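A.B. asks: when you get a sec, could you give me coordinates for this:
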Amino acid sequence: MKRVRDLPAWPPVGGGYDREDSLPSIQEVTIKEVNQVSGNKISFTCLFEKIDLGYDFMAPDEKTAARLVEILEDNVGKTLFSIEVFEIPAN
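C.D. replies: Here you go, the predicted structure:
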């Protein structure tokens, strides 16, 4: 089994943060909600200092996407960093 942190292109880059300094890290944002799932594409929202940040993540396949959605939904209010240790079943 691999972990969330082992997924290709993880962590995703958030959008919607318009300050001039750098985007907040995954240790600083908390999971708010999963907005949409389409096949293996997941769109979700995290919070940083009361600002919504949108994330899009393309999982390698639909099975992995479904597991990641489950992890995100089960960990609302926790940091995006905290889910990196959760396991994703091998295909």
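A.B. asks: pull out the buried residues from stretch 3-20.
C.D. replies: V4, L7, W10, P11, P12, G14, Y17 (16 or more other C-beta atoms under 10 Å). All C-beta spots, glycine's among them, are computed from the backbone N, C-alpha and C.
A.B. asks: and for stretch 83-91?
C.D. replies: Buried, per 16+ other C-beta under 10 Å, within stretch 83-91: I83, E84, F86, I88.
A.B. asks: show me these that map onto strands.
C.D. replies: I88 (DSSP state E).
A.B. asks: for the buried residues of stretch 83-91, which one is nearest L53?
C.D. replies: I83 (15.4 Å; C-beta to C-beta).
A.B. asks: who's in contact with the closest one?
C.D. replies: V4, I31, I71, L72, N75 (C-beta atoms under 8 Å, 6 or more residues apart in numbering).
A.B. asks: what's the pLDDT at the spatially closest residue to T64 that is not a sequence neighbour?
C.D. replies: Among residues not flanking T64 along the chain, I88 sits closest, at 5.6 Å (C-beta to C-beta, 6 or more residues apart in numbering). Listed pLDDT for I88 reads 89.
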